[in-house]
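Participant: generate a structure from the sequence data that follows.
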Amino acid sequence: MKIESFPRMTASHLVKSIDLNHHGTLFAGRMAEWLVEVGFMTARATLGCQPENIVCARLHGMDFRKSVGSGDTLVLEGRVAYVGSSSLTVYVEARSFGVSTALPYTDGLVTFVHVIETRAAPHGLVVETPVEGEARDLWNRVLAERHFQQRTTQ
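Facilitator: Below you'll find the model as predicted:
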């Protein structure tokens, strides 16, 4: 199966005063919450399983490129970037509603593990390694993140 054939999930959020930090811009913790939320929905749609069979293992590579203020509406889209034997990593990007920009305001990777009870379990997805385009770029980004993580924990 090709990774591009997996579902993409989208959610919109109106940035309210409760979502702001002490600088009057979107609080990073709230953005992380929204990234994980869209990542979770994407993982669940891809795996076709119950919520109790998915756990978030890691939020990595979240970058802000532009400040987001009160009243902005963000549209977040998640798509599968990498598939392991019991895990999958979702790429999520956030763009301003109605504004075309080359780069998203924020993006990041979220890794989820398929679990049965409390143990990681194979999810059964079989995916071809992408060979070109955005899918290949995201796959390589995840591999680089995983390699970096392994090096820093040794």
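Participant: contacts and neighbour counts: CA atoms only from here.
Facilitator: OK.
Participant: which other helices and strands contact the lowest-mean-pLDDT helix or strand in the chain?
Facilitator: In the chain, no helix or strand scores lower on mean pLDDT, DSSP states H and E than helix 133-152, which sits at a mean of 88. Secondary-structure packing of helix 133-152 (3 or more C-alpha pairs under 8 Å, 6 or more residues apart in numbering; DSSP states H and E): strand 73-83.
Participant: so what strands line up beside the strand it packs on?
Facilitator: If you go by DSSP bridges, strand 73-83 pairs up with strand 9-14 (antiparallel), strand 87-96 (antiparallel).
Participant: going on from the last one, what's the next piece of helix or strand?
Facilitator: Remark: after strand 87-96, the chain's next helix or strand is strand 106-116, criterion DSSP states H and E.
Participant: follow-up on the earlier one: buried deepest among the strands paired with strand 73-83, which one?
Facilitator: When you average the neighbours per residue for each of these (mean count of other C-alpha atoms under 10 Å), strand 87-96 leads with a mean of 25.
Participant: now that strand and strand 106-116, what's the angle there?
Facilitator: Angle, strand 87-96 to strand 106-116, by axes from the mean of the first three to the mean of the last three C-alpha atoms, to 10 degrees: 150 degrees.
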